[in-house]
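S.K.: Generate coordinates for the sequence data below:
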Amino acid sequence: MTTSNFHSRWRTFLALSLFVVALTAMVNAAGAAERPNILIISIDDLNDWTGGLGGHPQAKTPNIDRLAKRGTLFRNAHCQAPVCTPSRASMLTGLYPTTTGLYFLQPALEASKVAMKRPHLLRHFAKSGYRTMGAGKFVHGGGDAKHYQQYGGGMGGFGPLPKEKITHKEGHPLWDWGPFPEDEALMPDTKVADWVIDRLNEKREEPFLLVAGFWRPHVPLYVPPKWFKPFPLDTIKLPEVLATDRDDLSEYAKMLTIGLPAPRHEWFIENNAWEGAVQAYLASILFADYCAGRVLDALDASEHQGNTIVVLLSDHGWHLGEKQRWAKRSLWHDGTHVPLIVAAPGFAKNQSSERPTGLIDIFPTLLELTGLPAREDLEGRSLVPLMKDPEAQWNRPILTSFAPKNHSLRSTRWHYIRYGDGSEELYDHETDPHEWRNVAGDNANAEIIAKLRRSLPKHDAAPLIGPRKVSEIDAWRAAEKLRRGK
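M.R.: Next up is the predicted model:
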């Protein structure tokens, strides 16, 4: 072969190689551009007090309800940890706390080598050609900015705060409620909505994943006075509470709720504060719903309306006296049950499913809805089959964990809880939606319990403990000390 022929062929080879590379890039870019956008609306500490879930008869959530009519409402959805940081870590990674070791409020996501071994939801979509953007609270625990390509900021977090607490003068600085401030523009959630709306009004060639991370109804339950007016204090209906509800719990199970930041239920009763706190929670929900509605209105008015998947979620449930306790950090229904709605182009509208689902299922669901390859390392399950047929065979109870060896399993009908000392609870939600009658000891339910036990984790990762003092870690350690007889 002559030198000239060699160089000629080499130039041809290089030209063809460059052409293939360019063509591949063009195809990938075209594929990314055709993929649907994603809008995630995350509402902090929102339990099932929504119109669609019926958790409280006075709850008003017109915008959440209208989104449910546009997609699928998963009525039996549960968090994977009843605390902010580990719940959000599970949602983002698609891994259970029993795999990552993230069970508690601290440490942050980055502390888990298992969790960080592969890209989480935001980073995976960024690597797949999506523009990831967000504002407010979504990742939590270590600063949200580093997880997005564009972050608008926390917008003031749990503020603004009055000079002095309004109602609960003692205790944790965030545990308070009342009408404040007067100006709605000062609210962080107003600013989150403004920022997200601005992003929706921008023209883009690449698909986006956009997060609106709303702070309310997390404490402090401060919202402007006008949001309290639909709920006159003298009309407030309190949750039903059974006085003997906790009498059958083991001492270990009781210890798990000791030392938590929320005031004791007895305090609310003794200080005639129960109605006011429920009123403030309802007002905060209505305000968060309004902010979510502003974002939905902006989406509907934008060029992205017909090509955007919308997911609405909360990170865990919230007690307001049920089981004689307040706030999060429990394995009971009120602590784990969350709103979860997915509305996607091309799928049926105004439908609901009673199958047990979880926040851990969001990551694999979005992969399938956007046409991206499934990831075998994810422990959640795509919800697309239930969006096609809400009554499809599912055969998987959903797991929630609160510290190692403390687990909840929810099926369509049954709720099973097993604590670290081996004590158990079983509730039949067909006849006992309040979870007042523990039927774990009934011989007739032995087969049901045996089946649910088989779905318990085979291994619980050692808990990761951060340097900061965290109340639920102290409670768990006290319970474990009791179990060991020390």
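
S.K.: so who does the spatially most central residue of the chain touch?
M.R.: Among the residues of the chain, the one closest to the centroid is D315, at 2.4 Å (CA atoms, centre = their mean). Residues near D315 by CB atoms under 8 Å, 6 or more residues apart in numbering: S42, D44, D45, C79, C84, S87, R88, M91, V338, L359. Where you see a C-beta, it was placed from the backbone N, CA and C, and this is true even at glycine.

S.K.: again, only using 10 Å
M.R.: For D315, the contact set (CB atoms under 10 Å, 6 or more residues apart in numbering) comprises 42-46, 79-88, 90-91, 137-138, 140, 213, 218, 328, 338, 359.

S.K.: Next, the distance between the ends of stretch 129-145.
M.R.: 19 Å (CA to CA, to the nearest Å).

S.K.: Touching, T336 and T357? I think so.
M.R.: No - contact between T336 and T357 fails when scored by CB atoms under 10 Å: they sit 11.8 Å apart.

S.K.: Spit out the residues that contact the two alike.
M.R.: Joint contacts of T336 and T357 (CB under 10 Å, 6+ apart) are A77, H78, I398, R410.

S.K.: got a winner among those for most neighbours?
M.R.: The most crowded member of those, judged by other CB atoms under 10 Å, is H78 (29 neighbours).

S.K.: quick one: the closest residue to it other than its chain neighbours from G136, how far?
M.R.: Using CB to CB, 6 or more residues apart in numbering and skipping the chain neighbours, the partner closest in space to H78 is T336 (4.3 Å). From T336 over to G136 the distance is 23 Å, taken as CB to CB, to the nearest Å.

S.K.: Report how many residues lie close to the residue lying closest to the residue nearest to the centre of the chain once chain neighbours are set aside.
M.R.: Excluding its sequence neighbours, the residue lying closest to D315 (CB to CB, 6+ apart) is S87, at 4.5 Å. Using other CB under 10 Å, S87 has 28 other residues around it.

S.K.: Assumed T98 was part of a helix.
M.R.: Yes - under DSSP: H, G, I helix; E, B strand; the rest coil, T98 sits within a helix.

S.K.: Now it: closest residue in space, sequence neighbours ignored.
M.R.: That would be P457: by CB to CB, 6+ apart, it lies 4.3 Å from T98.

S.K.: Next, the contact list for that neighbour, please.
M.R.: P457 neighbours (CB under 10 Å, 6+ apart): Y96, P97, T98, T99, L399, S401, P404, K405, H407, L409.

S.K.: quick one on the thing from earlier: so the residue nearest to D315 touches F138, yeah?
M.R.: No - using CB under 10 Å, S87 makes no contact with F138, being 11.5 Å away.

S.K.: quick revisit: tell me how far the residue nearest to D315 lies from R204.
M.R.: For S87, the distance to R204 - CB to CB - is 30 Å.

S.K.: Over to I269?
M.R.: Counting by CB to CB, the gap from I269 to R204 is 53 Å.

S.K.: which residues does D176 contact?
M.R.: Taking CB under 10 Å, 6+ apart as the test, what D176 contacts is 161-162, 164-170, 219-222, 277, 280.

S.K.: Please indicate which of those residues are buried?
M.R.: Neighbour-count burial (16 or more other CB atoms under 10 Å) applied to those gives L161, K165, I166, H168, V219, P220, L221, Y222, A277, A280.

S.K.: which parts of stretch 196-215 are buried?
M.R.: 196-197, 199-200, 207-215.

S.K.: again, but for stretch 119-139
M.R.: 120-126, 128-139.

S.K.: repeat for stretch 178-186
M.R.: G178, P179, F180, P181.

S.K.: Hmm, the last one is touching P162, no?
M.R.: Spelled out, it's P181. Yes - counting by CB under 10 Å, P181 sits close enough to P162 to count as a contact (7.8 Å).

S.K.: Poorly predicted segments of this protein, please.
M.R.: 1-33, 142, 259, 486 (pLDDT under 70).

S.K.: would you list every one of the helices in the stretch 101-250 of the chain?
M.R.: Shown for the stretch 101-250 of the chain, the helices assigned by DSSP state H, counting those that start in this stretch span residues 113-116, 121-127, 188-200.

S.K.: I'd like these written out as a markdown table, with distance to G71 added.
M.R.: Output for the helices of the stretch 101-250 of the chain, formatted as a markdown table (distance: least, CB to CB, whole Å):
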| stretch | distance to G71 |
| --- | --- |
| helix 113-116 | 29 |
| helix 121-127 | 19 |
| helix 188-200 | 18 |
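
S.K.: Which of the ones you listed sits closest to G154?
M.R.: helix 188-200 (7.1 Å; CB to CB).

S.K.: returning to that earlier point: would a markdown table of the buried residues of stretch 196-215 with distance to A440 be doable?
M.R.: Converted to a markdown table, these look like this (distance: CB to CB, whole Å):
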| residue | distance to A440 |
| --- | --- |
| V196 | 45 |
| I197 | 49 |
| R199 | 49 |
| L200 | 49 |
| P207 | 48 |
| F208 | 47 |
| L209 | 42 |
| L210 | 44 |
| V211 | 40 |
| A212 | 41 |
| G213 | 38 |
| F214 | 37 |
| W215 | 38 |
